[in-house]
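K.L.:
need the 3D shape of this:
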Amino acid sequence: MKVIVFGLGNFGKALAIQMSEMGHEVIGVDKSIAKAEMLKDQLSHTICFDSTNPAAIQQLPIRDTDLAIVAIGEDEGASILTTAVLKTSGFKRIISRALSPTHESVLEAMGIDEIAHPEQDSAERLAKKLNLKIAIESFEIDRNYSIVEIKTPLEFVNRSILEVDPRRNHNINIVTILRKMSRKNLLGIRTTEWTSIGVVKPEEVFLEDDILVVFGENVCITKICNNGNKVPF
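P.N.:
This next block holds a predicted model:
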């Protein structure tokens, strides 16, 4: 995966290094030449420029980039402007760091639906999640086992749990399945929300838009997430 990290402060630096050590091609961008120079030997490439400048952003390999991460800390204005420039520049996927509830609301209004919360998610945890192609969220039980939310692998779609037999064929357990359900709120307005189907039954059929909550050994979960699945994370 080709990744560009904007902002090489504590969080951005740690995330960029983690992603690089996982084998991803990482470009680090910061307006501080000292921060860019510090990481030049640990990342694929580092660049020093103001990421709020649209002309500068156009010099980046936008079409070849799989993921742009706005990790800028402290300066909400710079973070918002950078996100806006990336949004209009044609990047395939953008994750932006929220520094406050108001900042998060602005990002949501801009159409950014992947928002990082460093105070809740460490750089290491976020890097591990991004490393799994179809993972959504994860909870590490210990260094070997995790509970992970993943998008339904293509090979599972329209097949029952009995047919797929995840425990025997993939060495994972399906804890439950989350599905979008239509409901009316207190004002009578119909909305959709993710709802658990409860304890899964052998005859339950996997649907394309399902989110699976799985438990298993990390190596097995990584294998099923990255084993040729074409579903984008």
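
K.L.:
for Val85, which three-state class applies?
P.N.:
Following DSSP: H, G, I helix; E, B strand; the rest coil, we place Val85 in the helix state.

K.L.:
so it touches Ile57, yeah?
P.N.:
Yes - the criterion here is CB atoms under 8 Å, and Val85 meets it with Ile57 at 5.2 Å. Just so you know, the C-beta spots here come from the backbone N, C-alpha and C atoms, and that holds for glycine as well.

K.L.:
identify the contacts common to these two.
P.N.:
Residues touching both Val85 and Ile57 comprise Ser51, with contact defined as CB atoms under 8 Å, 6 or more residues apart in numbering.

K.L.:
tell me which of those two has more neighbours.
P.N.:
Ile57 (23 against 20; other CB atoms under 10 Å).

K.L.:
the more buried one contacts Thr65, correct?
P.N.:
No - using CB under 8 Å, Ile57 makes no contact with Thr65, being 10.8 Å away.

K.L.:
and after the one helix or strand in the chain whose mean pLDDT sits lowest, which helix or strand comes next?
P.N.:
Using mean pLDDT, DSSP states H and E, strand 135-140 stands out as the lowest-scoring helix or strand of the chain, at a mean of 52. Remark: after strand 135-140, the chain's next helix or strand is strand 145-151, criterion DSSP states H and E.

K.L.:
other SSEs contacting that following strand?
P.N.:
strand 135-140, strand 211-217, helix 218-226 (3 or more CB pairs under 8 Å, 6 or more residues apart in numbering; DSSP states H and E).

K.L.:
and these, which is most packed in?
P.N.:
strand 211-217 (a mean of 19; mean count of other CB atoms under 10 Å).

K.L.:
need the distance between the two termini of stretch 64-79.
P.N.:
Start-to-end span of stretch 64-79 (CA to CA, to the nearest Å) is 22 Å.

K.L.:
wait, Met62 sits on Ser89?
P.N.:
Not quite, residue 62 is Ile, not Met. Yes - using CB under 8 Å, Ile62 is in contact with Ser89, at 5.7 Å.

K.L.:
pull out the buried positions in stretch 196-205.
P.N.:
200, 204 (16 or more other CB atoms under 10 Å).
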